[in-house]
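Below is the sequence, then the predicted model.
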Amino acid sequence: MPRTNEFAFKIATANGTGSASANGLIMQAIFRMGIPVTGKNVFPSNIQGLPTWYEIRVDKHGYTARTPNFDLMVALNPATYQKDVQEVRSGGWLLYDSTWPLDERLTRPDVTYLGIPFAELCNAQFTGPRERILMKNIAYAGALAALLDMDTEIVRTLLAEKYSRKPALMDSNRQAVDLGSNYAREHFACPLPIRLEAMDKTKDSILIDGNTAAGLGCVYAGATVGAWYPITPATSLMEAFTSFCRKYRRDPETKKNKFAILQAEDEIAAVGMVIGASWAGARAFTSTAGPGISLMNEFIGLAYYGEVPTVIFDVQRAGPSTGMPTRTQQGDLMLCAYASHGDTRHICLYPADPREAFETATMAFDLAERFQTPVFVLSDLDIGMNDWMVPKLTWDDSYRPDRGKVLSAEELEAAKTFSRYLDVDGDGIPYRTLPGVHPTGAYFTRGSGHNRYGAYTEDGDEYVDVLDRIDRKIQRAARFVPAPIVQTTAGASLGLLTIGGCHAACTEALDILAREGIAVDYMRVRGFPFSDDVRTFLDAHDVTFIVEQNRDAQLRSLLLLETGIGPEKLESVRYYAGFPMSAHHVISGVKAKVEKAA
Amino acid sequence: MSYITKPAPRHPALQKNALGLTRRDYEGAITTLCAGCGHDSITAAITQAFWDLSIAPYKVAKLSGIGCSSKTPAYFLREAHGLNGVHGRMPALVTGANAANRDLLYIGISGDGDSLSIGLGQLCHAIRRNVNVLYVLENNGVYGLTKGQFSASADPGSLSKKGEANTMGAIDGCLLALTLGATFVARSFSGDKGQLVPILKAGLAHKGFAFVDVISPCVTFNDHEGSTKSYAYTREKNVEVVQTDFVLPTAAITTAYDPGTVSSVMLHDGSWVRLRKVSEDYDPTDRDRSFSYIRERQKEGEVVTGLLYISPDSSDLHEQNNTVATPLAQVPYDQLCPGSAELEKLQRGFR
């Protein structure tokens, strides 16, 4: 059955051969045609040679979750051929490089094979090994343009934009596009029954990855100090922050930087620098992944107990240990909620896509300074490193940072005395001073036992007094973290609650379930500690499915611990193999329970 | 520590500095270290150095790690903000604080366990970044708070209080700092205030990482026969290479200047460090020579003290980063946020 603007294809290549620019070109061209599109980069922890895949889903309805049903496979990596052939749906197509004969054992009768001699064509057209390899990628983009009926004018425009300053490269790229598309048109019936047709559904959207968006968000939030240690998949967040700072934060006259990037010797130092910089009054942050959070634990405790604002982006990847650094997971939910030894609890924010990653940055700094405590932004590899189609980012120019209760020199002059940890306003949040402002503001920040006046103590009552106030302060933050997103259907007795990047798969699954007559209410939690709405939602449903991406149902555990809900009310749906969650994971999880109950 | 809390004596005749403050104004809480602890002498020297330089105490930030030494920032400059961090990680805290506010004067207090064992990596990288801080390593060769284990600066063969011999080689902070490209390296002795105070003052004026290793005997766990960090050993084996004198930029430097015995190094703020050569041919601006001299004397069992090395052309973290003169923590928000129009423009590239 022919399908327009509703299909998926996958491109298999080897890492380091330049396929990323071809894949980006395809994505962008579809997007410019006004058709909703998502790309998932499945890449190895390697620089050159290991297999890599790029999955593109085109969906006129706007669903963006990963789909494992591929209509077309562009199989250009002999090393993964066997596996790739198996992944095409029955009745689908497989595009391969016919320069070399195809192993007959790999042919499937239910798949149409489209052979294009990419290597041969490029060897004839181009000179030098580098150009021949690179242009092979652009040639498959050209072939796809013909097979899927891509707007060739848009492809040409994109190349012109990209290579406006490199005419020689633009020329080669255009030749390569023509090479692929001409061959396809001459040898196959183009377009295929799966094809593109211009729409008007992307004009208010952008294509952006979450790390770029979060880095940009930190610039807009007014962060001036970024301290970090390179780690996949968080590296591109600080790199984005750095490049946006170079663009926006250089004094036009002096050429001096209104920012400092500190590449630390490890994640311990990185978070220490953030704590030091925040203590001295800057908005500072670090970006890391699970292994980095593990290392940072001791310092996080200092920031919690010493009450120093600390913003930490955790772009989660598959753990434990080194795990799978280039695969996604939500495996740090527990780790971040209670990081460090002793009694701790931390504010956590859970963006669901790059747009929220941008918006969450500002919230993170505001909450960290308002509550004088560490704030974690839990993104993940899928959000952070993949290109998402999201509504355009917006900015309210009236925004001013919430720096929290920081006393000025004038206030300190008038006050005469100052006690750092005194709960003056009864909201659990004491007043803070910055070094160098006024002699009256001086105090000693310490991770050792201290009383409400900031003095060292080993007195049990004084110690408990401070510890309990900090607990009240953090519990109170539940009212200030972003409220859950809720979507209800009249009469639904089932609930589904999820977090972060599972959102795309869950909303698609709920639509499909609704069409099958299974009504499910939806809640996406966006912050921790959980607000009262969360418990209310759980109470209102016979059973709530807790959908998340980790083995141990960490979100479910957090809900049990924090809301006091009975375990029988929470049914776990998990997927943690390292790829972004798909709607079918959610549907099968829900159905298994519903059918058992029926 | 003193067991009876005494009222702070405020004698009306106490000498005042240029800010009209007395030495008392540079003190802190009463020490809780053992009576006779070398660290308390260092605290007194620090108090003296800040008072001498007429630095407003609240313009100083004092940071430390964990251990006996790291407790001492509570005992000086009560009007300065203090940050007592986690074990061995003060360099990261001071790096971040300095990045955020370059206008403050930073003093970091650490010990040999804090700097040379658990925090060795952080120390090395703070030296490499040349963070503008006076870094004082109060070195007693022993873990005091956990009652007498050897630290990484304990010399091979030295005996613990229980009589056990240390079998491993020592890490020498000054040699390490020289190797890593430190721009200011000094060693002194807690019992020699006359030498220590000018070194601290020069370190405060130095733009960059001023590393000062101060041998500071632990009276409780490491002041016995067989210890190379005892008062007796250090007094006997101390070889002073240069007598340091520090002159404020405003002071005249004409008298007592004798070209035959004194060399002067001008610091970034226009102040001078005058180095009186006690030993022949010692050039404190020659890194390699300094290194080999310390090694040579070490082989003879001697501890070389004084300002061992100073680089007159030190480029600190902010120079390397090309940061604006205004402290980053004080740059107004409207200069930091590109605004909605720019966001709209930027996003044309995301299509």
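Received, thanks. All values derive from a computational prediction rather than experimental measurement.

Below-threshold pLDDT in chain B: ranges please.
By pLDDT under 70, the low-scoring segments of chain B are B:1-10, B:241-242, B:247-281.

the strands in it, which residues?
According to DSSP state E, chain B carries its strands in the segments B:60-64, B:81-84, B:105-111, B:133-139, B:142-143, B:149-150, B:184-189, B:209-215, B:238-240, B:242-247, B:262-266, B:272-277, B:303-310.

out of the ones you listed, which comes closest to chain A?
Closest approach to chain A among the strands of chain B is made by strand B:81-84 (3.5 Å; CB to the nearest CB). C-beta: built from backbone N, CA, C; applies to glycine.

who does the closest one pair up with?
Using DSSP bridges, strand B:81-84 pairs in its sheet with strand A:444-446 (parallel), strand B:60-64 (parallel).

which of these is buried the deepest?
Compared across the strands paired with strand B:81-84, strand B:60-64 shows the largest average neighbour count, a mean of 28 (mean count of other CB atoms under 10 Å in any protein chain shown).

Taking strand B:105-111 as reference, get the angle to that strand.
Taking axes from the mean of the first three to the mean of the last three CA atoms, to 10 degrees, strand B:60-64 and strand B:105-111 form an angle of 20 degrees between their directions.

hey, where'd the helices end up in chain B?
Using DSSP state H, the helices of chain B run over B:38-52, B:68-71, B:90-100, B:112-116, B:120-129, B:173-179, B:193-205, B:231-237, B:287-299, B:317-321, B:339-346.

Need phi/psi at the closest residue to residue A:1 other than its chain neighbours.
Nearest non-adjacent residue to residue A:1, counting by CB to CB, 6 or more residues apart in numbering or on different chains: residue A:193, 7.3 Å away. The phi and psi values for residue A:193, taken as degrees, to the nearest 10, are phi -60, psi -20.

count of residues packed around residue A:193?
Burial of residue A:193 is recorded as 13 neighbouring residues (other CB atoms under 10 Å in any protein chain shown).

Close to chain A: what parts of the stretch 101-250 of chain B are there?
For the stretch 101-250 of chain B, the residues in contact with chain A (CB under 8 Å from any CB of the partner chain) are B:101, B:103-104, B:121-122, B:124-125, B:129.

For residue B:27, name its beta-bridge partners.
residue B:76.

How much space separates it from chain A?
Going from residue B:27 to chain A by CB to the nearest CB, to the nearest Å gives 13 Å.

neighbours around that residue, how many?
Residue B:27 is flanked by 18 other residues according to other CB under 10 Å.

what residues are up against it?
B:8, B:47, B:75-78 (CB atoms under 8 Å, 6 or more residues apart in numbering or on different chains).

Show me the two of those that sit farthest apart.
The span of those, defined through CB to CB, is set by B:8 and B:77 at 14.5 Å.

Between the two, tell me which one has more neighbours.
Neighbours per residue (other CB under 10 Å) separate residue B:8 from residue B:77, with residue B:77 holding more: 29 against 8.

from the stretch 301-450 of chain A, which residue is nearest to chain B?
For the stretch 301-450 of chain A, CB to the nearest CB, closest residue to chain B: residue A:435, 3.5 Å.

A strand includes that residue, no?
No - per DSSP: H, G, I helix; E, B strand; the rest coil, residue A:435 lies outside any strand segment and is coil.

returning to what we had before: what subset of the residues of the stretch 101-250 of chain B next to chain A is buried?
The neighbour-count test (16 or more other CB atoms under 10 Å in any protein chain shown) applied to these identifies B:101, B:104, B:121-122, B:124-125, B:129 as buried.

Residue 48: neighbouring residues, count only.
Chain wasn't specified; assuming chain A. For residue A:48, the neighbour count with other CB under 10 Å is 9.

Please refer instead to chain B.
For residue B:48, the neighbour count with other CB under 10 Å is 18.

list the contacts for it?
Listed by CB under 8 Å, 6+ apart, the contact partners of residue B:48 are B:23, B:26, B:193, B:197.

The first one contacts residue B:49, doesn't it?
No - with contact defined as CB atoms under 8 Å, residue B:23 and residue B:49 do not form a contacting pair (11.0 Å).

got any residues that touch both of those two?
Residues touching both residue B:23 and residue B:49 (CB under 8 Å, 6+ apart): there are none.

Looking at those two, which is more packed in?
Between residue B:23 and residue B:49, counted using other CB under 10 Å, residue B:49 has the larger neighbour count: 25 against 16.

Need the phi and psi values for residue A:42.
With angles defined as degrees, to the nearest 10, residue A:42 sits at phi -110, psi 100.

Could you say which helix or strand holds the spatially closest residue to it that is not a sequence neighbour?
Ranked by CB to CB, 6+ apart and with sequence neighbours excluded, the top spatial neighbour of residue A:42 is residue A:53, at 4.2 Å. Residue A:53 belongs to strand A:51-59 when elements are defined using DSSP states H and E.

tell me how far that strand is from the chain's mean position?
Centre-to-centre, strand A:51-59 and its host chain are 17 Å apart (CA atoms, centre = their mean, to the nearest Å).
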